[in-house]
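Student: Just the structure for this:
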Amino acid sequence: MENNKLWGGRFTESTDANLEKLNSSINFDKRMFAEDIEGSKAYASALEKINLLSEQETSLICDGLDKVKIEWEKNVFETKHGDEDIHTANERRLQEIIGEPASKLHVGRSRNDQVVTDMKLWLRTHLKELGNTVRSLIKVIVDRSSHEVDIMMPGYTHLQRAQPVRWSHYLLSHAWNLKKDCDRLDDILKLINVMPLGSGALAGNPFNVDRISLAKDLGFDSVTKNSMHAVGDRDFIAEFLFWASMVGIHLSRLAEDLILYSSKEFEFVTIDDSYSTGSSLMPQKRNPDSLELIRGIGGSLFGQCCSFMMVLKSLPSTYNKDLQYDKEAMFTTFDKLKSILEVATGTVKTLKINQDKCKNALSFEMLATDVAYYLVRKGIAFREAHFLAGKVVAEAERKEVSICDLTLEELKNISPSFGVDIGRVWNYENSIEQYQAVGGTAKSSVVKQIELLENWLA
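Tutor: Numbering: from 1, shown residues only. Down below sits the predicted model:
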C-alpha cells in the first residue's frame, strides 16, 4: 500500500516507476514553496474561525510551516520518494515536525484549488518583477533619447530608406511598444487577483469557510464564483504566456534592427564588447550574440504559448492532469523572458551610436515627399503633387544626378510651380522639423514623448 501518498488509501499496488516519474511535479513546483506555505497558513486560520482547528493547533501548524519555509530558504529541505508535488512535500514535512495536527490542515481543501491558488500567488509577485524589468529597459531608452535627441538617421519602410527621422524618435518607437506591454500587464494582474481557494476538488467547500476573509488575508481582490470553473481555469496562464510572447516579439524586433544597424553595411551602432562575442576562426569578427539570443528566445516564448494552448484546447471540464504542464510553461517562460529583458537592457544601455554614419546615410532622394509637400503648399492637390515629385525623381535618375542637383529650369519643365525657394527643401533638419504634430519626429514632439514617458515611469 502507498499510505505515504495523500490519495494512497484506495490503492493496493505501487505506482509504476515510469508513471511515478512522469506524475511527479516537485522539481518544477518546489519554486512555489513560499506561496504554498502562505496559502496553508491562511487556510489554517480560516479553519480555526469555523472551529475545525483549535487556536493551539493553528499556532502549531503556522509555526511548523514557518520552520518548513526556513528549510526551503536555507536549501536544506530534503524531498523524499512519494513527494509528488510541493503540497505533498510540505504537508509531509509539517507532519514530521508537529505530528497529528498537520493531518487536519487539508480538510475541505484539494490540491486542485491549492495549486491554482499557489500559481496565482507566485505569478502575481513575479509579474510585478517582470514589469519592473520592462520599465528598466524603457528608462534606458528614454534616457538615451533625451541625451541623443539631435542625432538624425534614415527611417525605413520595407528596409528601404524612406524619410529622415531623429535617432531618438526611432528608439522611442520601441519604448512605446514596451509601454503598451506594461499596460497589458496591469490588466492581467487584475485577472489573476481572483482567489480560487475554497473551491475544493470541484464542488466547493462543505464547511462554510469564509472565502471573502480568506481572500483578503492573501491579498486577493475577490473570489471565484464557480468552483468547477475555478479548479480548471488556466486562462490566466495562457494570458501570461501570450503577454510574454508579445514582449518577446517586441524585443526580437528591436534586436533585429540593432543587428542590422551594427553590421558593416550600416555601422550606425557598435555593440559593446560586454554584449558581443568573437569568432573561433575569424579574428576580426564582432558578433552581436546578445541580440541574436534575444531574437531566438523571443521566438521560443511563442512556442511555449502555442504548446500550452493546445493542452487547454480539448480538456473536459474541471481539473485534468494535463494541466500539470502549466507550471513548466509558467516557470520556463518567466525565466527566459527575464533573461532576455536584462540582456536587452544592458545591450541598449552600453551600445555606441555612430552619429556621422547615421547622418551620412541620409540622401536627398529621401526628400522626395518633401518635394510633393512643397508643391502642395503652392496650391497643387496632393495626388498631382505626388505624381510631379515622382517625375522629379525619374528625371534625376535619367540624368544620374541627385534630385537636389536638378536645375530650376529642369524642375520648371516638370511644373511651373517650382521656384527658387525649392532650395529650402534640400535640408534634412528642415524636413524633420516639419513633423510637429503629436507623434511626429520634430524635436518638440520627441521631447514631448520623452516627458510623457518620464512622467509615466515616475
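
Student: Could you give me the buried positions within the one helix or strand E239 maps to?
Tutor: Taking DSSP states H and E as the criterion, E239 maps to helix 235-261. Residues of helix 235-261 classed as buried: 236-252, 254-255, 257-261 (neighbour count, 16 or more other Cβ atoms under 10 Å). All C-beta atoms are positioned from the backbone trio N, CA, C, and that covers glycine.

Student: Could you point out the helix or strand that follows that helix?
Tutor: strand 269-270.

Student: neighbouring strands for that following strand, and are they parallel or not?
Tutor: Counting by DSSP bridges, the strands paired with strand 269-270 are strand 352-353 (antiparallel).

Student: Assign the closest residue to L53 other than its chain neighbours to helix, strand or coil.
Tutor: Leaving aside its chain neighbours, L53 sits nearest to L47 (4.4 Å; criterion: Cβ to Cβ, 6 or more residues apart in numbering). Classification of L47 using DSSP: H, G, I helix; E, B strand; the rest coil returns helix.

Student: OK, contacts around L47?
Tutor: L53, T58, K104, L105, V107, G108, F207, V209 (Cβ atoms under 8 Å, 6 or more residues apart in numbering).

Student: you'd agree the last one is up against M195?
Tutor: No - in terms of Cβ atoms under 8 Å, V209 does not count as a neighbour of M195; the distance is 11.4 Å.

Student: okay, now the domains of the protein?
Tutor: 8-104, 111-360, 364-457 (automatic domain parsing).

Student: any chance of these in TSV, with mean pLDDT too?
Tutor: TSV is the format used below for these (pLDDT from 0 to 100):
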stretch	mean pLDDT
domain 8-104	90
domain 111-360	96
domain 364-457	96
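
Student: among the contacts of L47, which ones are buried?
Tutor: L53, T58, L105, G108, V209.

Student: Quickly check the residues you listed for the two that are furthest apart.
Tutor: T58 and G108 (14.8 Å; Cβ to Cβ).

Student: Can you show me the helices along the stretch 201-350 of the chain?
Tutor: Secondary structure of the stretch 201-350 of the chain by DSSP state H, counting those that start in this stretch: the helices cover 211-217, 227-232, 235-261, 289-313, 325-350.

Student: how about those, which one is nearest L159?
Tutor: Here helix 235-261 is closest among those (Cβ to Cβ), at 8.0 Å.

Student: Which residue is the nearest non-sequential neighbour of K120?
Tutor: K120 sits nearest to I192 (Cβ to Cβ, 6+ apart), 5.2 Å away.

Student: surely that neighbour meets D235?
Tutor: No - between I192 and D235 there is no contact, the gap being 9.8 Å when judged by Cβ under 8 Å.

Student: can you tell me which residues contact L341?
Tutor: L130, T133, V134, S136, L137, V247, L251 are the contacts of L341 under Cβ under 8 Å, 6+ apart.

Student: residues near the third one, how many?
Tutor: Put plainly, it is V134. Around V134 there are 21 other residues, counting by other Cβ atoms under 10 Å.

Student: Quick check: the gap between it and R111.
Tutor: 33 Å (Cβ to Cβ, to the nearest Å).

Student: The fifth one too?
Tutor: Taking Cβ to Cβ as the measure, L137 falls 38 Å from R111.

Student: These two - which one has more neighbours?
Tutor: Between L137 and R111, counted using other Cβ under 10 Å, the more crowded position is L137 (24 against 20).

Student: what sits against the more buried one?
Tutor: L178, L341, A344, T345, V348.

Student: who wins for most neighbours among those?
Tutor: Going by other Cβ under 10 Å, A344 tops those with 31 neighbours.

Student: Q324: what's it in contact with?
Tutor: S25.

Student: count of residues packed around D272?
Tutor: Neighbour number of D272 under other Cβ under 10 Å is 15.
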